[in-house]
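Visitor: Below are the sequence and a predicted model; questions follow.
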Amino acid sequence: MTPMEIGGSINMIGYALATLGPALGVAWIFASVINGTARQPEARGAMMGTAFIGMAVVEALAIIGIALAFVLN
């Protein structure tokens, strides 16, 4: 096996580990919204809007990560 054959696998392993960050980020965002809604139900609308914007930013980082994993391959 040459180093070039191993290189693609290492990129994908790195991306697989990098997906843990966005997954935890989305989980923490919505856990905070659920906690906030339990404390102040009337503020649910404002919190959900902010949560969706935060989720979009976190998922954009995941998409950039997979693009870089394929570009650097």
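Guide: That came in fine, so what should we check first?
Visitor: any low-confidence regions in the chain?
Guide: 1-9, 73 (pLDDT under 70).
Visitor: any idea where the helices of it begin and end?
Guide: Defined through DSSP state H, the helices belonging to the chain, from first to last, are 3-18, 20-39, 44-71.
Visitor: got CSV for these, with mean neighbour count too?
Guide: All C-beta spots, glycine's among them, are computed from the backbone N, C-alpha and C. As requested, these are exported to CSV (neighbours: other Cβ atoms under 10 Å):
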stretch, mean neighbour count
helix 3-18, 12
helix 20-39, 13
helix 44-71, 13
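Visitor: Centre-most residue in this structure?
Guide: The chain has P22 as the residue nearest its centroid, 1.8 Å off, counting by Cα atoms, centre = their mean.
Visitor: shouldn't it be in contact with L61?
Guide: Yes: in terms of Cβ atoms under 8 Å, P22 counts as a neighbour of L61; the distance is 5.9 Å.
Visitor: so what's P22 up against?
Guide: Contacts for P22 were tallied using Cβ atoms under 8 Å, 6 or more residues apart in numbering; they are V58, E59, L61, A62, G65.
Visitor: Tell me how far it lies from A38.
Guide: According to Cβ to Cβ, to the nearest Å, P22 and A38 sit 25 Å apart.
Visitor: need the contact list for the residue nearest to I66 when sequence neighbours are not counted.
Guide: Using Cβ to Cβ, 6 or more residues apart in numbering and skipping residues adjacent in sequence, the residue nearest I66 is Y15, 5.9 Å away. For Y15, the residues meeting the contact criterion (Cβ under 8 Å, 6+ apart) are G65, I66, A69.
Visitor: can we see that at 10 Å?
Guide: A62, G65, I66, A67, L68, A69, F70, L72, N73 (Cβ atoms under 10 Å, 6 or more residues apart in numbering).
Visitor: Which two among these are spaced furthest apart?
Guide: The span of the contacts of Y15, defined through Cβ to Cβ, is set by A62 and N73 at 17.1 Å.
Visitor: Hmm, A62 and A23 touching each other?
Guide: Yes: because the distance of 8.3 Å satisfies Cβ atoms under 10 Å, A23 is recorded as touching A62.
Visitor: got a list of what N11 touches?
Guide: Applying Cβ under 10 Å, 6+ apart to N11 gives the contacts L68, A69, F70, V71, L72, N73.
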